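# predicted model follows, preceded by the sequence.
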Amino acid sequence: MSNGRRLMGIDSWKAVAKCWFLMLAVMTVIGCARDNDETETNTTRTVTYKVAVFLENDDVIRWEKTADWAQQKLDEAQKGMRMHVRLELEYIDQDAPDFDENIDRVANDTTYKAIIGPCSSLKAEQMAIALGNVIESHPGVEAYRKPMVSPSATNVEYQRKFSEKDYVWNLSECDISQIEKVIASISHQYMSAFVDLTLLAPYEDNDVASGSSYCDWFGFIAEEYGLGIKDILFYKDTTELRSLARKLPAYGNVPMFSKVVFVPQSIDDVLVLDDELDKTTREQDYDNCDYPLIICSSMFLTPKVAKTISCNPRLSYGGIDLYAAPESGFSQAYYQHFGDHLVNGESQFYDAVCMLTFAAALKQYTGRSLGKSMHEMIDGQGGSPVWACYVDGMREVFTQLYKGGKVSIQGCTGEWKFDAKYRTNRLNSIYRQWRFYHGEFVTVNYITSTGSAHSTSSHEVWDWTANKLQDFENIDTVINYKPLEQRWALLVAGSKGWGNYRFQADVLYMYGFLLKRGYDKDHIVVVAEDDLAYNESNKNDKGAVRILETGDNLYDPSFIDYKLSRLTPDDIGDILQGKSSARLPKVIHSTDADNVFVMWSSHGAPRQLDFGDDRMMTYGKMKDILAKTPHRKMLVAVEACYGGGLGKECEGLAGTLFLTAASPYEECHAARWSNRIGVYLTNSFSEGFQERIADNPSISLQELYYSLARTVSGSHVKLYNLKNYGSIYNETMEDYLE
């Protein structure tokens, strides 16, 4: 045999070689036709998954290094295995002018197998909507149902909208959890009864996904921890921010117990605040007054802030940010490798790369889609926990997945634990408590929802349904009222525009309900902008307004008596007090023998209610209007953020009861998001209120309150002015319903 080759002619060998070459070429063509993402060697089949990564432009260089480091470890962990999976990451600037075009391109391009990011909630919502639209356009086609993994899109409204979508994955808890950790850490360190908190935040429309949830939940959670609220300060621009900054020394008379929670909307806001505070300390003498500790959101933690900030020793900054699990040792390993510290969300990004790679490996083993493989991987958690942020742990995960075994995966951010119902929202984020000291962000502590070997366990995260009820045992006042003659109603939708759909929808529903209960049309006055039914954004439900996706059309232009934009706050007084005119022909002609029901549905801010076009109805003016309104009894239902403040303001008004969606220190929340038309259809309080009185029109006010307080999500329903109204055990809604 050793002489065989020598015995054959050279032409024969050329023929054999040519034959083998042709066979190899054919095999290559067949292989490429089978799956152009796969390559084969003698022992290993490599499969590449193309993934779009949406990041802020400033983060790309840094996070690309982090992803490369993760992929190096994942490659090493797969050495010697017959299967090798790898991600081909394409980085896209989420702040580029062509962002909208890019998300549509990625959603429609089936060569992209998955998406990481975007990292901001507003951008993540846009991506999720685009992805959902493409999925609906291609029912049953798994290639379009690509998983979208967001490292740090934490806004609760964004996460809530897409919580039932199995293709959206959030690697961080919602920002309510972060707020709770901030307040829990303050309560843990100081005697809560003596702590005064002030919120400093941009004034934002709470329909915007990137809007600060601190504004929504700050007062709500602070009350749960027994902390005092000194003030809530909103600014519209940097000029207002500078003005408020100069007032902050007044909030620091007892520095140890005075805290200002600052929620900037941009890095520029951080630098503006620091610049103004630095000037103030140098221009004025505050020897006897230190500034309060300023607790900042994660926007503060950037290299630009660290390099630019004044480092004034009179100023104290601290806060909480998303971080790696301390027991993983990942932050130390990262520092040794890069000579730098992790930034907010970077460890979640590292885990996103690992999670998709593991899911891709499982897909190759089972043949199921990548999305289903991710769910199967999470559902299959079991056995001994494996730290899958290092090579040995990664190798163990790959081995178990290929065997079909269960493995409890712990990434650098801790155990991959997701909600039991939909499996897409993270339940156990790790937070680092930090202080800014001599130009560096110094780690002080770690906080989690469940606790860990090296972290402080805060209270279990509030389930966001009200669990504290007002005590009425000592409020049983009996007031002798005249016999009832007539009933009147004023329904006001104080916010306009497509994004505020729910406020007008709730008013239109209430109008129809009162008619069904026997009200005469002349006894109901409706104020609403009437800009929804034929709004240019109402493309999928033209001519209709609904509070249920498939419910009745509530709209009839004849129902609306006055457009909001054509009235002033003073006009509300004229309407309620029966002062008719050529401009106000329809008014309420109540007497002291009549009951009056007022429903106000709008946005709200401390000490005022929205009146459209940047106009406000102040609590003081509303109190004066109600005090002069003739009535036997009057019920004022307030669907507005901070609406409890109006109830407190009006304490003492005879025969007037206030039922509010929220306390004076918290926002109330929307309900029933419609994917079809892209807005919320109703509000949580209004929805509950309308359902209760429809089910039982004779429900007692006490029973109505308790039912709403237990079921309205996200705020505390409140009753005010009971002592000047009567017994809520005996008084019922029949007083206001025919």
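Okay, I see it. Residues are numbered from 1 along each chain as shown.
# any idea how far apart the tips of stretch 626-643 sit?
End-to-end distance for stretch 626-643: 15 Å, by CA to CA, to the nearest Å.
# going forward, begin numbering at 42 instead of 1
Taking 42 as the first residue, the last one we looked at is stretch 667-684.
# isn't residue 710 up against residue 757?
No - shown here, residue 710 and residue 757 do not form a contact pair, counting by CB atoms under 8 Å, at 11.7 Å. Where C-beta positions appear, they are placed from N, C-alpha and C, glycine not excepted.
# residues that sit against both of the two, list them.
Counting by CB atoms under 8 Å, 6 or more residues apart in numbering, residue 710 and residue 757 have no common neighbour.
# output the lowest mean pLDDT helix or strand found in the chain.
The weakest-scoring helix or strand in the chain, judged by mean pLDDT, DSSP states H and E, is helix 45-48 (a mean of 32).
# so what's residue 751 scoring on pLDDT?
At residue 751, the model reports a pLDDT of 76.
# that one: neighbour count?
13 (other CB atoms under 10 Å).
# look up how far residue 204 lies from it.
22 Å (CB to CB, to the nearest Å).
# equivalent analysis for residue 583, please.
In terms of CB to CB, residue 583 sits 29 Å off from residue 204.
# quick one, which of the two is more surrounded?
The residue with more neighbours, out of residue 583 and residue 204, is residue 204; 15 against 10, by other CB under 10 Å.
# how is the more buried one assigned, secondary-structure-wise?
On the three-state scheme (DSSP: H, G, I helix; E, B strand; the rest coil), residue 204 is labelled coil.
# contacting residues around the closest residue to residue 376 other than its chain neighbours?
Leaving aside its sequence neighbours, residue 376 sits nearest to residue 382 (CB to CB, 6 or more residues apart in numbering; 6.1 Å). By CB under 8 Å, 6+ apart, residue 382 lies in contact with 372, 375, 376, 482.
# which two of the residues you listed have the greatest separation?
Maximum pairwise distance among those (CB to CB): 14.2 Å, between 375 and 482.
# still on that earlier bit, quick check, nearest of the contacts of residue 382 to residue 197?
Top of the list for closeness to residue 197, among the contacts of residue 382 and by CB to CB, is residue 482 at 25.3 Å.
# hmm, who's touching stretch 155-164?
Residues from elsewhere that reach stretch 155-164 (CB under 8 Å, 6+ apart): 90, 92-97, 100, 128, 130, 135, 140, 147, 165, 167-168, 172, 187-196, 198-199, 249-251, 386, 390, 393-394, 397, 411.
# dump it to CSV, keeping only the CA atoms.
In CSV, the C-alpha atoms belonging to stretch 155-164 read as follows (Å, rounded to 0.1, in the frame of the first residue of the first chain):
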residue,chain,number,x,y,z
ALA,A,155,-32.9,38.8,18.3
ILE,A,156,-32.6,42.3,19.6
ILE,A,157,-30.7,43.7,22.6
GLY,A,158,-32.0,47.1,23.9
PRO,A,159,-32.9,49.8,23.5
CYS,A,160,-31.8,50.8,26.9
SER,A,161,-34.2,53.8,27.4
SER,A,162,-37.8,53.0,28.1
LEU,A,163,-39.2,55.4,25.5
LYS,A,164,-37.0,53.9,22.7
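# quick one, what contacts residue 576?
Contacts for residue 576 (CB under 8 Å, 6+ apart) come out as residue 539.
# does it sit in a helix, a strand or a coil?
Classified using three-state DSSP, residue 576 is coil.
# show me where the stretch 542-691 of the chain has its strands.
565-568, 636-642, 645-646, 649-651, 657-659, 674-680 (DSSP state E, counting those that start in this stretch).
# now do the first one: distance to the chain's middle.
Translated: strand 565-568. Distance of strand 565-568 from the chain centroid (CA atoms, centre = their mean, to the nearest Å) equals 33 Å.
# swap in the fifth one?
The offset between the C-alpha centroid of strand 657-659 and the centroid of the whole chain comes to 27 Å, using CA atoms, centre = their mean.
# likewise the shortest one?
Taking the mean of its C-alpha atoms, strand 645-646 sits 19 Å from the chain's own mean (CA atoms, centre = their mean).
# rewinding a little: between the contacts of residue 382, which is nearest residue 426?
residue 372 (18.8 Å).
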